[in-house]
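>>> Quick one: sequence plus predicted model below, questions after.
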Amino acid sequence: MRRSLRVPLRHERVIGLLDLGSSKIGCLIVAVGPSRERVPSRGALTHGDVTSAASDETAVRILGVGYIGSRGIKSGVVMDMSAAEACVRTCVAEAETVAGVTINEVHVAVSCGRLASQSFAAHAEVGSAGVQAADISRALAGGQAYARRDGRFLVQMNTIGFRLDGQPCGADPRGLVAQRLTADLTAVTADAAPVQNVFMLMQRCHLSIEQIVPAPLASGLAASRRDERQLGVTVVDIGSGVTTISMFADGELVHVDAIAVGGDRLTYEIAKELQTHLAQAERIKALYGTVVQAQSDSREIFEYERVDDRSDAQDGVSGRASKSDLRLIVTPYVRWLFEQVHDRIQRCPVRHLASDRVVLTGGSAQLIGIDGLSADVLERPVRLGMPEELNGISAEFCGPAFSCLFGLCEYVARQTPLGVGVSQAFDVEASQTGYLERVGKWLVGTG
């Protein structure tokens, strides 16, 4: 009998991928293992340029998917532990039912804790035998300590490249002779308390976190193309509660930022101006939201229920507005939001590395005409990005609203041993300051 494609193979490890959003919680269950076939299995993602010690391609097969409306989470922050726990349990159970397996480990995408990044260089003196693995470990340990110096939680640290005596070298400098090894690093950090609440949430759901992943990185991987990340690109993900920014250069993440407003704020503005319920405002935004002026807008009328609905109103309809009226509400907010994004980009010290390309993604990036308006405000070419369609996955999951969730698949496929795992990142010790002093001679910040 032929084995089902959704059944994990012996050499594969089953893990869960979680996106804790403000409007929805999504879960993917995947089977991860080395790919020894030229043609990937149905529904598989492969990443052939995994660096360092990984010699085989990594294959990620999607076994199951589930999602549910989010409760207890606002702007990526756990606000109500019990409500959030119920949502996560339901979402994971749905994905487990589809996959036919039970998961114990998860990769979790987070956007909470005022995500921020910094680029710097960590140094290690090299002995006469040339660069050894211990030299690389010392440089990376110094980088971790430097990133945590203010008590921030180290979400992830990327190795952008290595230098020997100030000169660039390959991705693996081991065995090369030099006096000093320099690792150019980008660290993503967050306030510790909101991330610790995510850990507590997972513990209550009987799930262990294998790795915390910055949500901007995940959505950036899904929405952008590999050649764009190589040449330089900025990805803006407009979620419900958070708008995130990720910059890539030479194929690597070089900067992230987050603004604690998103599509929910626009829904609130519509509800306030039209005096309607939030659920009605969300429906109006999805059906009629636009930032493009058309001659027919003033004649296209929609009806809705006002919060002060009169008892004599027929069919529950007591309010009427045109698309033109709605555009006058939507456009100023969208322009304001992209002005905030433009300001964050201009303040980024490595913005020149990401060139001028901008990719928009996220659920609120589906407003009609938002690419043109954002290009005008950002003064850059803009395109809309979304995850690639995968065999065996319903089309409803392949829209921009699911970029972060499916970007986790790409993240799992491209991981390298030089990344910072959760066991390293969450080890915030009281003696951190003393450790920083011991590694200070290896470390010099550049930004």
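Yep, that arrived. Numbering: from 1, shown residues only.
>>> Look up how far residue 17 lies from the most centrally placed residue in the chain.
The centroid of the chain falls nearest to residue 215 when counting by Cα atoms, centre = their mean (2.0 Å). Separation of residue 215 from residue 17 (Cβ to Cβ, to the nearest Å): 12 Å. For glycine as for every other residue, the C-beta is placed from the backbone atoms N, C-alpha and C.
>>> Mind listing the shared neighbours of these two?
Residues touching both residue 215 and residue 17 by Cβ atoms under 8 Å, 6 or more residues apart in numbering: residue 109.
>>> State the number of residues packed around residue 371.
By other Cβ atoms under 10 Å, the residues close to residue 371 number 18.
>>> let's have the chain start at 838 instead
Happy to do that; since the first residue is 838 now, the last one works out to residue 1208.
>>> Please spell out which residues along the helix or strand harbouring it are buried.
Element membership for residue 1208, per DSSP states H and E: helix 1207-1215. Neighbour-count burial for helix 1207-1215 flags 1207, 1208, 1210, 1211, 1212, 1214, 1215 (criterion: 16 or more other Cβ atoms under 10 Å).
>>> Run through the neighbouring helices and strands of that helix.
If contacts are counted by 3 or more Cβ pairs under 8 Å, 6 or more residues apart in numbering; DSSP states H and E, helix 1207-1215 sits against helix 1160-1184, strand 1195-1198, strand 1219-1221.
>>> CA-only coordinates of the second one in PDB, if you can.
Yep, that's strand 1195-1198 we're talking about. Taking Å, rounded to 0.1, in the frame of the first residue of the first chain, the C-alpha atoms of strand 1195-1198 are listed here in PDB:
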ATOM      1  CA  VAL A1195      10.000  47.700  -1.200                       C
ATOM      2  CA  VAL A1196       7.600  44.800  -0.900                       C
ATOM      3  CA  LEU A1197       4.200  45.100   0.900                       C
ATOM      4  CA  THR A1198       2.500  42.200   2.500                       C
END
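>>> what packs against that strand?
If you count contacts as 3+ Cβ pairs under 8 Å, 6+ apart, strand 1195-1198 packs onto helix 1052-1060, strand 1070-1075, helix 1207-1215, strand 1219-1221.
>>> Could you provide the ones you listed in TSV, with additional columns for distance to residue 860?
Listed next are these as TSV, based on distance: least, Cβ to Cβ, whole Å:
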stretch	distance to residue 860
helix 1052-1060	13
strand 1070-1075	12
helix 1207-1215	17
strand 1219-1221	19
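>>> With respect to residue 1181, which of these lies nearest?
Residue 1181 lies closest, by Cβ to Cβ, to one member of these: strand 1070-1075, at 9.6 Å.
>>> Would you give the sheet partners of the closest one, along with the direction of each?
Strand 1070-1075 pairs in its sheet with strand 1080-1086 (antiparallel), strand 1195-1198 (parallel), by DSSP bridges.
>>> Give me the average confidence score over that strand.
Average pLDDT, strand 1070-1075: 96.
>>> Just want the angle from it to helix 1207-1215.
If you take axes from the mean of the first three to the mean of the last three Cα atoms, to 10 degrees, strand 1070-1075 sits at 120 degrees to helix 1207-1215.
>>> now what about strand 1070-1075, what contacts it?
Here strand 1070-1075 makes contact (Cβ under 8 Å, 6+ apart) with 1052-1053, 1056-1057, 1060-1061, 1080-1085, 1099-1100, 1174, 1178, 1182, 1188, 1191-1192, 1194-1202, 1211, 1217, 1222, 1240-1241.
>>> Quick one: residues contacting the residue nearest to the centre of the chain.
By Cβ under 8 Å, 6+ apart, residue 1052 lies in contact with 856, 913, 946, 947, 948, 952, 1074, 1076, 1079, 1081, 1241.
>>> Tell me the one of these nearest residue 1166?
Looking across the contacts of residue 1052 and measuring by Cβ to Cβ, the closest to residue 1166 is residue 1076, at 20.0 Å.
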